[in-house]
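>>> Structure, please.
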Amino acid sequence: MPRYRDRSGRSGVVAYETCPDAIVVGFRNGQVYLYNYATPGQQDVEKMKRLAVRGRGLSTYISQVVRDRYAKRLR
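Model (predicted):
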């Protein structure tokens, strides 16, 4: 997975990978989660993709908006 740019230097996200209908996010603690159009939904996934590319705000968005609404824990 490509490294997350982490422009703030404090993110819990370290890597991500986008797919047409999903995003996989790797966290500092080693956990990896799949978020897709089914869970948490298309609008949230597309927002997460934009934040990931921007390199800022992804961890905050997940913790404040998406929370534990992920499709699958991969690791």
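
>>> make it CA atoms for all contacts and neighbour counts henceforth
Will do.

>>> Report the central residue of the protein.
Geometric centre of the chain, nearest residue: Val25, 4.1 Å, by C-alpha atoms, centre = their mean.

>>> for the helix or strand hosting that residue, what is the average pLDDT?
Per DSSP states H and E: Val25 is located in strand 22-27. Taken as a whole, strand 22-27 carries a mean pLDDT of 98.

>>> Over to stretch 33-48?
Stretch 33-48 shows a mean pLDDT of 98.

>>> Other residues contacting it?
21-26, 58, 61-62, 66, 69-75 (C-alpha atoms under 8 Å, 6 or more residues apart in numbering).

>>> now do 6 Å
Stretch 33-48 has contacts (C-alpha atoms under 6 Å, 6 or more residues apart in numbering) with Asp21, Ala22, Ile23, Val24, Val25, Arg69, Tyr70, Ala71, Lys72, Arg73, Leu74.

>>> neighbour-wise, which of those leads?
Among those, Val25 has the most neighbours (other C-alpha atoms under 10 Å), with 28 neighbours.

>>> Kind regards, and thank you for your time.
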